[in-house]
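> Sequence and predicted structure below; questions after.
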Amino acid sequence: MNYISRSSNLLVNFVSKIGSYSGSSIYYWGVFDFHDTLTEGKKVAGTVCDEEFTNMTGDIHSPANSLVYLNPIRDVVCKYRIRTDPLKYGRISLLLEHTNFKQNKQNCSVCSSNTVDHLQIFGKNASGTDGICYSACANQNSSLEVISSGSSISINMFIVKSSATANYFKKKPPIFKAKYTFLHPAVCGPTVIKARKPGYMRFPDLTVSKFDDVDVYCIWDILVLKDTDLHLTFANITMKSESCAQHSVSISSSENKEYHKECGQTKHQKKILVPGRENNGVLKLGVRMKSLNLGKFDLSWKY
């Protein structure tokens, strides 16, 4: 019979009506194990393994306490929610480093099926598919960086109860490991730029308020006219060096096809054409700056 303590202490008291026993036989014996109950995030009350994360950076992993997989009465579902203060940060970068799901005997043609151990990520983007899925049959051990569309992102892990003990009780390494960091601080402004009419933007604009200016990373969704040739122009680029380690600005499709990356090498203007056949209505503009005083740029668009 298993006895599980509710804290870090467990007292075993042997009581005998005949006093001390000096024979050679052993009537009572037991085996004990220590189980790590520490978590990286804040535990959610009333749940087996849910956690919330609100620090600017952090690590996430499946439960270190493998008792959650010991003869569960229902499927094990752990939900990990990362959220920012939307007034300070508009996005989250989540790096899923690895997964270690065991192969189930059932057909796993559908990754998110309730007959398959799996993990899903929600909150990825505003216009593309959501619910990226990992299992022993899909994306196993492949790392991936996911950028949220807003101020929260979630990881849901699902373990089938019938095989949970055999596959994961007292087993290492963890089923998954990930890390996250907050992006798109207030100086970046809104995460979405509506550009269906000709216009321009300048970054950074420090004339209104004073912002923290260290390690700034902005990612905008630029909404443009779909299936239409788009002409972009970078101008007034005043970056003080050509080191991409110090700063960079890039424009790409929503499928990550890069059209241009700028680290200060363009001294005057750079014109870019996005053909209509490649234009699905959303572009990604990313800016990294070690310090906001290292320079600025203008970006204009027309059709």
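Alright, I've got the coordinates.

> Sketch out the low-pLDDT regions of the stretch 101-250 of the chain for me.
The stretch 101-250 of the chain contains residues with pLDDT under 70 at 104-108, 124-130, 141, 206-212.

> Which stretches in it count as helices?
Along the stretch 101-250 of the chain, counting by DSSP state H, counting those that start in this stretch, helices occupy 161-168.

> For it, which segments are assigned as strands?
With strands called from DSSP state E, counting those that start in this stretch, the stretch 101-250 of the chain shows them at 118-122, 132-135, 144-147, 152-159, 176-185, 192-194, 199-203, 214-223, 230-235, 247-253.

> tell me the domain ranges of this structure?
42-185, 189-302 (automatic domain parsing).

> mind listing what the residue most central in space within the chain touches?
Among the residues of the chain, L94 comes closest to the average C-alpha position under CA atoms, centre = their mean, at 2.2 Å. The contact partners of L94, by CB atoms under 8 Å, 6 or more residues apart in numbering, come to I82, I121, E145, V146, I147, S148, I153, I155, A178, K179, Y180. (Glycine included, C-beta is placed from N, CA and C.)

> Not counting its neighbours along the chain, what's nearest the fourth one?
Residue nearest to V146 in three dimensions, not counting chain neighbours: L94, with 4.6 Å by CB to CB, 6 or more residues apart in numbering.

> Please, which helix or strand holds that neighbour?
Applying DSSP states H and E as the criterion places L94 in strand 89-99.

> Got phi/psi on the residue nearest to V110 when sequence neighbours are not counted?
In space, and not counting its chain neighbours, V110 is closest to V116: 7.3 Å by CB to CB, 6+ apart. Backbone geometry at V116, expressed as degrees, to the nearest 10, gives phi -130, psi 130.

> how much space between V116 and P174?
18 Å (CB to CB, to the nearest Å).

> Over to P275?
45 Å.

> what about stretch 268-281, distance to the chain center?
Taking CA atoms, centre = their mean, to the nearest Å, the mean C-alpha location of stretch 268-281 is offset from the chain mean by 29 Å.

> do the same with stretch 79-91
With CA atoms, centre = their mean, you get 11 Å for stretch 79-91.

> just stretch 294-303 next, same as before
The answer for stretch 294-303 is 29 Å, by CA atoms, centre = their mean.

> what's the answer for stretch 286-295, then?
23 Å.

> now do stretch 158-177
21 Å.

> returning to what we had before: have a look at V116 and P174 and say which one is more surrounded.
V116 (23 against 16; other CB atoms under 10 Å).

> From what I see, the more buried one and Q140 are in contact.
No. When contacts are counted by CB atoms under 8 Å, V116 is not listed as touching Q140 (11.7 Å).

> how many neighbours does the closest residue in space to H247 that isn't next to it in sequence have?
Among residues not flanking H247 along the chain, M289 sits closest, at 4.5 Å (CB to CB, 6+ apart). Residues near M289, counting by other CB under 10 Å, number 23.

> What is the helix or strand harbouring M289 packed up against?
Assigned by DSSP H and E, M289 belongs to strand 282-291. Applying 3 or more CB pairs under 8 Å, 6 or more residues apart in numbering; DSSP states H and E, one finds that strand 282-291 contacts strand 214-223, strand 247-253.

> Just put those strands in a markdown table and tack on distance to G131.
Listed next are the helices and strands packed on strand 282-291 as a markdown table, based on distance: least, CB to CB, whole Å:
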| stretch | distance to G131 |
| --- | --- |
| strand 214-223 | 19 |
| strand 247-253 | 21 |
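
> Ok, which of these comes nearest A64?
strand 214-223 (30.2 Å; CB to CB).

> Can you show me the CA trace of the closest one as CSV?
Output of strand 214-223 as CSV, limited to C-alpha atoms (Å, rounded to 0.1, in the frame of the first residue of the first chain):
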residue,chain,number,x,y,z
VAL,A,214,17.8,48.5,-23.1
ASP,A,215,17.3,45.3,-25.2
VAL,A,216,14.2,46.4,-27.0
TYR,A,217,12.5,43.8,-29.3
CYS,A,218,9.4,44.8,-31.2
ILE,A,219,7.3,42.6,-33.5
TRP,A,220,4.5,44.1,-35.5
ASP,A,221,1.8,42.5,-37.7
ILE,A,222,1.4,44.8,-40.7
LEU,A,223,-2.0,44.3,-42.2
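
> Tell me the buried residues in that strand?
V216, Y217, C218, I219, W220, D221, I222, L223 (16 or more other CB atoms under 10 Å).

> circling back to that earlier point, and the contacts of L94, which are buried?
I82, I121, V146, I147, S148, I153, I155, A178, K179, Y180.
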